[in-house]
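Enquirer: what follows is a predicted structure for the sequence shown.
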Amino acid sequence: MAQKSIEEILNGEVILSAEDVVIKFNLRGQELTAIRGASLDLHKGESLAIVGESGSGKSVFTKSFMGLLDANGRIESGKIMYKNQDMARYKTEDDWIKIRGKEIAMVFQDPMTSLNPLKTVGKQVQESIELHQGLKGEEARRLTIEILNDVGITDPERRYRQYPHEFSGGMRQRVVIAIAVACNPNILICDEPTTALDVTIQAQILQLLKNLQQKYDLTIIYITHDLGVVANVADRIAVMYAGDIVELGTAEEVFFDPKHPYTWALLSSLPQLGIKGEPLYSIKGTPPNLFKEIVGDAFAPRNPRALKIDFEQRPPYFEVSPTHKARTWLLDPRAPKVEPPLMIQKMREKWGALNE
Ligand SMILES: Nc1ncnc2c1ncn2[C@@H]1O[C@H](COP(=O)(O)OP(=O)(O)OP(=O)(O)O)[C@@H](O)[C@H]1O
């Protein structure tokens, strides 16, 4: 299958659509709003990265696509449309059983928490095939070996009979990916899939996911706090801050023409782009208290370029291009012209030099 261009993907089918999703948690009698009206259209066949600092809501938002919110959490309002059904209205485990794994699967950061230490690796992949693809016995075993091979596990016949502790960290993550793929899902959510791995292995796992996406016709969501990790694999990037998507665009747009001051800050703190000998840029201040109502642009108190209105009214989305939008008053035609930091202006040169 020939690889589709980003234009073709964005003109194609929307496979999942989240609209104005609000998610709250009850914590010791108090209410915390983790997701504050986030919207996202996921296009079939794309790789979308959701980036943002710890606590910005990346995991909570995507877990709500699978009914995996903790028991003290709930979707307060909004829609999550998948195959003409609003999953935000699902109430019972029976509803979610039809979705989880089969339609939407997830790969977590630490493979050991997803694997059963007492069962052979082959058995765990095979169970997934038997449950979701209805195959049995020798047929299921054959497909297991094929999938183990597809995820880059050499000598799969022998490895089939081994236990998770006999695998390295990177190989275990391949097994977890094999289990997810064995369910034959449409959407694969990868939550920091490479954070626990060293840099070379990280790159291999990302390349593997890219290859599997083609072969298994997957739509992939990558969740990461590190923009640098997904630069080469994501078609689009959604930047999350304090429970909302503040900027969304193609990877090229977000890297080379970012508009939200939070995106500028995230990009400026990329270690790859630091200047030798100078301390790495770090975003000053702390994210807002989610127990309190947020007025205006949630990033304003940490934004040295904030305008008065940023403290008063939540910005709407301003369209930068048909594929690029950002929630910042800086894009309002009445706003004074504010240039991004010099580092951001020089991003293209710097990134080019790095990838030469
Ligand atoms: N069960 C829960 N009870 C209360 N608050 C929660 C619960 N789960 C998540 N939260 C809060 O929701 C917010 C968003 O958390 P989330 O895990 O989605 O962030 P994240 O961007 O994925 O961060 P990380 O990269 O650290 O996982 C955080 O403030 C978090 O403390």
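Expert: Cool, got the structure.

Enquirer: confirm that residue 176 sits in a helix.
Expert: Yes - counting by DSSP: H, G, I helix; E, B strand; the rest coil, residue 176 is found in a helix.

Enquirer: what does the stretch 101-250 of the chain put close to the ligand?
Expert: Residues of the stretch 101-250 of the chain lying close to the ligand (C-beta under 6 Å from any ligand atom) are residue 225. Quick note: C-beta positions are derived from backbone N, CA and C, even for glycine.

Enquirer: what about the strands in the stretch 101-250 of the chain?
Expert: All strands of the stretch 101-250 of the chain, identified by DSSP state E, counting those that start in this stretch, fall at 104-107, 187-191, 219-224, 236-241, 244-250.

Enquirer: need the CA coordinates for stretch 304-320. CSV is fine.
Expert: C-alpha atoms of stretch 304-320 as CSV (Å, rounded to 0.1, in the frame of the first residue of the first chain):
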residue,chain,number,x,y,z
PRO,A,304,6.2,36.9,29.5
ARG,A,305,4.4,38.2,26.3
ALA,A,306,0.9,37.9,27.7
LEU,A,307,-1.6,40.6,26.8
LYS,A,308,-4.2,42.1,29.1
ILE,A,309,-7.0,40.1,27.5
ASP,A,310,-5.1,36.9,28.1
PHE,A,311,-6.0,37.3,31.8
GLU,A,312,-9.6,38.0,31.1
GLN,A,313,-11.0,35.9,28.4
ARG,A,314,-10.4,32.4,27.1
PRO,A,315,-9.1,32.8,23.5
PRO,A,316,-11.0,31.1,20.7
TYR,A,317,-9.2,29.1,18.0
PHE,A,318,-7.7,31.3,15.3
GLU,A,319,-7.1,29.6,12.0
VAL,A,320,-3.6,30.0,10.7
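
Enquirer: so, low pLDDT: which residues of the stretch 151-300 of the chain?
Expert: 274-277 (pLDDT under 70).

Enquirer: just put the strands of the stretch 101-250 of the chain in TSV and tack on mean neighbour count.
Expert: TSV is the format used below for the strands of the stretch 101-250 of the chain (neighbours: other C-beta atoms under 10 Å):
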stretch	mean neighbour count
strand 104-107	25
strand 187-191	24
strand 219-224	24
strand 236-241	26
strand 244-250	24
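
Enquirer: residue 288 - how many residues pack around it?
Expert: Close neighbours of residue 288, defined as other C-beta atoms under 10 Å, add up to 19.

Enquirer: and the nearest residue to residue 161 once chain neighbours are set aside, how far from the ligand?
Expert: Spatially, and ignoring its direct neighbours in sequence, residue 161 is nearest to residue 120 (5.5 Å; C-beta to C-beta, 6 or more residues apart in numbering). Counting by C-beta to the nearest ligand atom, to the nearest Å, the gap between residue 120 and the ligand amounts to 31 Å.

Enquirer: with that, I have no additional questions.
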